[in-house]
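J.: Coordinates only, no sequence provided:
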């Protein structure tokens, strides 16, 4: 059994699925990092305001 891209008997070419999953993982990590930066900035601002 040889594997050929687009083989109708098999799953076909897995590259688009792999790329989509990688894109979702990278996008999720970027969004998570961005929300952490916003939360950290708000926390720093709160600490600075409470020190006054």
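T.: Noted; the coordinates are in hand. All of these numbers come straight from a predicted model, not from anything done at the bench. Numbering: from 1, shown residues only.
J.: in stretch 16-25, what counts as buried?
T.: Neighbour-count burial for stretch 16-25 flags no residue at all (criterion: 16 or more other CB atoms under 10 Å). Backbone N, C-alpha and C define where each C-beta goes, glycine included.
J.: Any idea how far it is from the middle of the chain?
T.: Mean-position distance between stretch 16-25 and its chain equals 9 Å (CA atoms, centre = their mean, to the nearest Å).
J.: same deal with stretch 23-38?
T.: The chain centre lies 6 Å from the centre of stretch 23-38; the measure is CA atoms, centre = their mean.
J.: Residue 47 versus residue 28, what's the distance?
T.: 29 Å (CB to CB, to the nearest Å).
J.: shaky segments in the protein?
T.: Low-confidence segments of the chain, defined by pLDDT under 70: 1-12.
J.: Which residue ranges of it form helices?
T.: Assigned by DSSP state H, the helices in the chain fall at 15-51.
J.: and residue 15, how many neighbours does it have?
T.: Using other CB atoms under 10 Å, residue 15 has 9 other residues around it.
J.: What separation do you get for it and residue 22?
T.: Relative to residue 22, and taking CB to CB, residue 15 is found at 10 Å.
J.: can you check residue 30 too?
T.: Residue 30 is 13 Å from residue 22, where distance means CB to CB.
J.: now swap in residue 36 and tell me
T.: Counting by CB to CB - residue 36 and residue 22 are separated by 21 Å.
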